[in-house]
Each structure stands twice: as C-alpha cells, then as structure tokens.
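Novice: I'd like to go over a predicted model; first the sequence, then the structure.
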Amino acid sequence: MQSDSTMGDAVLNRMRKPEFREYLASLLMEICAIDTSPRSEPTEWGRREASCFAILERELSALGLPGARLERRPVNPEIENHKNFSLLHFTKTPKRPQGLSAAETYAGRTNLVLVVPGSNDSSEGQNTAVNGHIDVVAPYFPPRREGDVIHGRGACDDKGGVIAFVGAMKALAEELKLRGLRFNKNVVGMMVIEEETGGNGSLSLALDRDLKKLYDTILILECTENKVHPANRGAVWYQCNLALPGVPLFEMAAFVYEELEREGRAIKAESAHALFPQRPVQTCHGIIGDVGQHPSRICGEVSFSIALPGGAISGKAEALVRDCLEFALEEYIGRYGDKTKAIDPRTGKPKVDHHYDLRAEGGRLIVDVHGSTGHMGAILENDGAITKMAQFVRALVCSKARLEALAGGRIAIELLNREEDGNLRLEGGQGFVPTHSLEQVMDRMARAAERGAEAYLRR
C-alpha cells in the first residue's frame with residue numbers, strides 16, 4: 001500500500017462508524033450461527049464449513065480489490081505423512097474405533113484462500129499472510145447479542161478473528177478505491193479448518209509451495225487481548241499403550257498419571273517467558289480406555305470398580321475404601337482446588353456438585369468420579385475426573401494389603417466396563433510455551449510415563 005500519512009486515520013475512522021460496527025456484528029452473528037464444532041462424520045462437518053465459506057466469499061468478493069481472487073483449496077491428504085500431522089481422533093466411533101484415514105476425512109473439504117496481488121512498485125513492506133480458523137470447540141451453542149457484546153461459540157476464537165480480517169479488508173478496500181491506490185505487496189488471507197483439533201488445515205496450506213511463494217510473513221488471528229505475540233504456545237498429544245500380561249494395567253495407569261502430572265508441573269515451573277507471563281501450560285488427561293471424548297478435552301466423568309473375593313462386601317472393607325477415598329480427595333483438593341466451591345458464572349451453580357459416589361453393585365464397590373469438562377486450556381477452571389480418579393486409585397493400591405486382609409482374599413481394581421483386549425490406552429495433552437521445544441516436551445512426557453510404570457512395577 002502506498003504510504004500516506006492520513007491513510008491509517010481514515011481507515012480507523014471508517015471502522016469506528018456505527019454502521020460499520022453493525023455490519024461486523026451482523027456478520028459475526030451470521031457465521032456463529034453455523035455449528036462448526038468437531039464431528040465424527042467429516043462429510044457433514046465439511047458441509048457446514050462450506051456454508052461458512054460461502055458467507056465469507058459473498059463479502060470478500062464484493063470488495064472489488066484489483067486482481068483479487070478467492071479459491072477453496074482442497075486439504076491435501078498427504079499431510080498424513082508429515083511429522084506435525086494431528087491424528088484424526090474426532091472420526092472415531094464405537095463402530096469405527098480406528099477412525100478414518102486422511103483421504104476419507106478430507107474428501108471434498110477445503111480451506112478458503114484470498115489472494116490480493118500487490119503492485120510491487122516499491123521495495124517497502126512485506127508480502128503478508130493472515131490466518132484465522134472457522135472451526136470451534138464443542139459443545140456448540142448459538143449466538144446471542146447483548147448490547148455491544150456477542151456471546152457465541154467462536155465469537156472470539158476464532159470466527160471473531162476471521163470477521164475482523166473481513167472488516168479490515170473492507171475498510172481498506174473502500175479507502176484505497178477512494179484514493180486510487182492499491183496494495184504495494186501481496187496480501188494472502190487464509191481461512192482454515194481444523195485448528196481446534198490440531199491444525200491440519202493450516203498444515204496443508206503451510207506445505208503448499210505455490211502459495212508460499214506469495215507471502216514472506218504471517219499473522220495468526222487469535223484472541224490475545226489485542227496484543228501482538230511474536231511467538232506461539234503449543235500442545236503435544238500423547239497416546240500411551242499399557243500392555244503387560246498378568247499386570248493390573250488400570251492400577252499401573254494411576255502411577256503413570258502421577259508422573260505425567262509431575263512432569264507437567266515441572267515444565268510449567270520452567271516456562272518463564274515474557275510473552276506468556278500467565279504460563280498457559282496445561283496437563284490434560286482426556287481418554288482412558290473407552291472413556292473420554294478427545295485427548296485435549298477434559299474428562300468429566302469416569303468410574304471404576306473394586307471387586308472383592310466371593311462378592312462379599314463387609315462393613316469394615318467398605319469403610320476402609322471410603323477412608324482411602326477421603327484421604328486421597330484431601331490430597332487432590334490441596335493441589336487442584338475444590339471445584340465444589342467454585343461457582344460457574346454461566347449457571348450460578350458449583351462447577352462440580354460432589355466429587356464422587358461410592359455404591360455397591362453385583363458384589364463390587366463402584367466409584368463414580370465426577371469432574372467438569374471443557375477444553376484443556378481451561379483445566380485450571382475445571383476439574384479433571386481422570387486425574388482425580390488416579391489419586392483415588394493410588395491411595396487404594398497403597399492400602400491394598402490391608403483391604404485384602406479385611407476382605408479375606410485378593411481384590412481387583414478395574415476401570416468400569418473396560419473391554420478386555422490385553423492393553424489399556426491413555427490419551428491426553430501437554431501444553432508448552434517457547435521455553436521448550438516440541439521434541440523436548442515429547443521426550444520428557446515419554447520418559448515420565450516410563451517412570452510411572454516402573455514405580456508401579458517396583459511395588
């Protein structure tokens with residue numbers, strides 16, 4: 001864009017007009033009314049994505065920027081072979097436990113790309129790409145407006161960012177046309193899919209060599225309180241498969257979780273970075289066996305059983321179990337807080353009504369562990385049921401000899417309704433900031449899991 005000392009002020013004045021604000025609000029409401037949260041059937045997800053893109057194409061094509069072109073670029077299924085490809089957890093169903101392949105998942109699905117060519121009649125400036133995503137986390141809820149505030153899934157993260165880009169382009173286009181000017185350098189707009197599930201939409205564009213020739217730098221639109229962050233925080237997904245014949249794997253899992261949590265706390269303690277003073281470094285355990293929705297979604301409910309010999313449940317055995325649970329709960333609350341005393345501002349009720357239920361059923365004691373779910377980024381405000389469950393199980397394992405003496409034989413502590421296939425799968429995520437590399441975090445979490453398994457086996 002040719003330099004003009006009044007250009008910036010003129011563009012800002014356009015954006016401050018009430019009719020412009022109404023335009024943005026209406027457009028944001030329209031796009032937030034489309035549910036683009038993850039779903040196991042990618043065809044339906046793709047249809048909703050296409051509906052969002054149609055709205056954006058309608059607005060961007062009307063700007064009249066010289067030489068501008070819009071293109072729905074197919075997501076390349078070959079990204080499945082890249083080291084930064086995110087596994088397609090959302091495609092898994094009970095009838096399809098392995099999920100879909102990348103070819104199946106991305107058939108007919110695209111990103112939306114806007115290219116506005118620059119005049120290149122000056123050496124000033126840079127060819128710039130702007131990236132925002134249209135997918136949102138679950139659960140979806142429709143938008144509503146209260147004065148100048150729009151509440152809706154994606155209103156900030158990140159449909160709000162995408163609409164901000166559309167608004168900026170609209171204001172610039174109008175002022176450029178009025179002054180007979182055009183962009184000096186290329187502007188590339190990337191409206192991508194699947195950021196919340198790992199970033200495969202952006203990965204496809206990042207590997208697009210033809211597109212990469214058009215830009216030198218990139219701005220990622222995310223909700224950062226209008227502060228530019230020249231860095232990124234990330235997350236590693238882990239999958240841990242426990243498989244050892246004759247070993248109570250569920251009990252082992254509780255000790256693996258202990259070490260994963262300890263390592264996560266250490267990584268957070270080391271994460272002093274000027275751009276991230278709040279240290280947004282979370283450890284989330286999303287799935288154990290068939291329980292849980294996604295590695296990066298906090299597990300809100302999990303149950304396990306304590307099988308007693310002969311199905312006889314004595315009052316003393318049950319009392320000891322309850323004592324172990326209460327002791328473990330005190331320890332858990334001391335570290336993670338008591339979410340039965342934290343009020344959810346949306347409902348006016350406690351985040352968690354109560355921590356657990358203990359009940360007798362079919363000759364077993366069943367422990368139902370309650371938490372509160374959400375994206376792993378909100379782990380401090382919520383309550384991970386798997387982490388709490390692991391604390392309970394470790395306390396029971398430590399008192400197992402005493403329990404067995406009261407019960408008159410061996411007891412078995414197992415994940416409730418677990419399908420016996422010879423192993424136990426754990427999945428979750430570990431956040432990090434630029435103080436650590438992706439490879440460092442992966443290596444440390446892997447070694448932590450090994451230490452947890454070894455600690456159990458040494459017992």
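Specialist: Great, that's in hand.
Novice: quick check: phi and psi at Thr217.
Specialist: phi -140, psi 160 (degrees, to the nearest 10).
Novice: which residues does it form a beta bridge with?
Specialist: On the basis of DSSP bridges, Thr217 is bridged to Thr128.
Novice: mind listing what it touches?
Specialist: Gln126, Asn127, Thr128, Ala129 (CB atoms under 8 Å, 6 or more residues apart in numbering). Quick note: C-beta positions are derived from backbone N, CA and C, even for glycine.
Novice: closest one to Glu104 out of those, please.
Specialist: For the contacts of Thr217, the minimum distance to Glu104 (CB to CB) is 28.8 Å, reached by Ala129.
Novice: any quick PyMOL command for the buried ones out of the contacts of Thr217?
Specialist: For the buried members of the contacts of Thr217, the matching PyMOL selection, counting by 16 or more other CB atoms under 10 Å, is:
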select buried, resi 127+128+129
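Novice: need the contacts of Thr217 in CSV with distance to Leu207 and pLDDT, can you?
Specialist: Shown next, in CSV, are those (distance: CB to CB, whole Å; pLDDT from 0 to 100):
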residue, distance to Leu207, pLDDT
Gln126, 21, 93
Asn127, 18, 96
Thr128, 19, 97
Ala129, 14, 98
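Novice: nearest residue to Gly167 in space, ignoring adjacent ones along the chain?
Specialist: Nearest in space to Gly167, with sequence neighbours left out and distances taken as CB to CB, 6 or more residues apart in numbering, is Leu24 at 4.9 Å.
Novice: isn't there a strand covering that neighbour?
Specialist: No. Counting by DSSP: H, G, I helix; E, B strand; the rest coil, Leu24 falls outside a strand, being helix.
Novice: my guess is it meets Val162, correct?
Specialist: No. Contact between Leu24 and Val162 fails when scored by CB atoms under 8 Å: they sit 11.1 Å apart.
Novice: what about those two, which has more around it?
Specialist: With neighbours defined as other CB atoms under 10 Å, Leu24 and Val162 compare such that Val162 has more, 26 against 17.
Novice: residues contacting Glu259?
Specialist: Ala448, Ala449, Arg451, Gly452, Ala455.
Novice: quick check: the residue most central in space within the chain vs Gly286, distance?
Specialist: Centroid check for the chain by CA atoms, centre = their mean gives Ser296 as the closest residue, at 4.6 Å. The gap separating Ser296 from Gly286 is 6 Å, by CB to CB, to the nearest Å.
Novice: common neighbours of these two, please.
Specialist: Taking CB under 8 Å, 6+ apart as the criterion, Ser296 and Gly286 both touch Met376, Gly428, Gly429.
Novice: now the helix or strand harbouring the last one, how far from the centre of its chain.
Specialist: The secondary structure element spanning Gly429 is strand 424-432 (assigned by DSSP states H and E). For strand 424-432, the separation from the chain centroid amounts to 12 Å (computed by CA atoms, centre = their mean, to the nearest Å).
Novice: for it, what is the average pLDDT?
Specialist: On average, the pLDDT along strand 424-432 is 96.
Novice: which secondary structure elements does that strand contact?
Specialist: Contacts defined by 3 or more CB pairs under 8 Å, 6 or more residues apart in numbering; DSSP states H and E place strand 424-432 against strand 234-242, helix 249-269, strand 283-288, helix 438-458.
Novice: tell me the angle the shortest one makes with helix 249-269.
Specialist: Just to be clear, that refers to strand 283-288. Counting by axes from the mean of the first three to the mean of the last three CA atoms, to 10 degrees, strand 283-288 lies at 160 degrees to helix 249-269.
Novice: the closest residue to Met190 other than its chain neighbours: what secondary structure?
Specialist: Leaving aside its sequence neighbours, Met190 sits nearest to Asn131 (CB to CB, 6+ apart; 4.2 Å). With three-state DSSP as the basis, Asn131 sits in strand.
Novice: what's around Asn131, how many residues?
Specialist: Residues near Asn131, counting by other CB under 10 Å: 24.
Novice: what distance do you get for the nearest residue to Leu203 once chain neighbours are set aside to Gly132?
Specialist: Nearest non-adjacent residue to Leu203, counting by CB to CB, 6+ apart: Ile79, 5.1 Å away. Counting by CB to CB, the gap from Ile79 to Gly132 is 19 Å.
Novice: more neighbours, these two?
Specialist: In this view Ile79 and Gly132 are compared by other CB under 10 Å, and Gly132 has more residues nearby, 25 against 21.
Novice: and that one, bridged to which residues?
Specialist: Going by DSSP bridges, Gly132 forms beta bridges with Met191.
Novice: show the pLDDT at Gly125.
Specialist: Looking at Gly125, its pLDDT reads 87.
Novice: kindly report the same for the one 5 residues further on.
Specialist: Per-residue confidence for Val130 comes out at a pLDDT of 98.
Novice: fine by me, we can end here.
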